[in-house]
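1. predicted structure and sequence below. I'll ask about it afterward.
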Amino acid sequence: MKEREQVIKNYFQSWISNDCKILREIFDTEIIYSECYGPEYRGIEVVTKWFKDWHKRGVVFSWDIKQFIHSANITVVEWYFKYKYDESIEEFNGVSLIEFDEGKRIISLKEFQSKIPHYYPYD
């Protein structure tokens, strides 16, 4: 479990440091990556292109991990994400559902978003 957690921590850090070198180490060549707002990327070449293209217009300030949950070859990670993209600063909470192969490479990653701020409609 700790190995998987370190892979995820390294991946999140790669976004903050804008360093895509780690992608080929942690993702399977046939990775399927689904972002929380709809886009899906298939294959390491496409994921690498997306990473580089995103960083031409964006900067990640923080991608903080709140908790990990493990089950068989799946790890769920709850997180907080803050970034600037095209001069707009945004933040949200999220969850990633990450499937690993036997070699500890990520074969599937699905993100889900929870907008900030939360509000209380019945207060």
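-> Arrived safely, thanks for sending. Numbers count the residues shown, from 1 in each chain.
2. where is the longest helix in the chain?
-> Longest helix in the chain by number of residues, with DSSP state H as the criterion: helix 2-17.
3. buried ones in that helix?
-> When burial is assessed from 16 or more other CB atoms under 10 Å, helix 2-17 yields the following buried residues: Arg4, Val7, Ile8, Tyr11, Phe12, Ser14, Trp15. In short, each C-beta sits where N, CA and C put it, glycine included.
4. all helices of this protein, in order?
-> According to DSSP H, the helices that the chain contains are 2-17, 23-26, 44-57.
5. wait, which of the ones you listed is closest to Phe92?
-> When the helices of the chain are ranked by distance to Phe92, counting by CB to CB, first place goes to helix 2-17 at 14.1 Å.
6. which elements pack onto that closest one?
-> Using 3 or more CB pairs under 8 Å, 6 or more residues apart in numbering; DSSP states H and E as the contact test, the elements touching helix 2-17 are helix 23-26, strand 58-71, strand 74-85, strand 88-100.
7. you'd agree Tyr11 is up against Ile22?
-> Yes - when contacts are counted by CB atoms under 8 Å, Tyr11 is listed as touching Ile22 (6.7 Å).
8. shared neighbours of these two, anything?
-> Both Tyr11 and Ile22 lack any common contacting residue under the criterion CB atoms under 8 Å, 6 or more residues apart in numbering.
9. can I get the helices and strands packed on helix 2-17 in a markdown table including mean pLDDT, distance to Arg42 and mean neighbour count?
-> Compiled in a markdown table, these are given as follows (pLDDT from 0 to 100; distance: least, CB to CB, whole Å; neighbours: other CB atoms under 10 Å):
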| stretch | mean pLDDT | distance to Arg42 | mean neighbour count |
| --- | --- | --- | --- |
| helix 23-26 | 97 | 14 | 16 |
| strand 58-71 | 98 | 21 | 13 |
| strand 74-85 | 98 | 19 | 17 |
| strand 88-100 | 97 | 14 | 16 |
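10. tell me how many other residues crowd Asp19.
-> Here the number of neighbours of Asp19 (other CB atoms under 10 Å) works out to 13.
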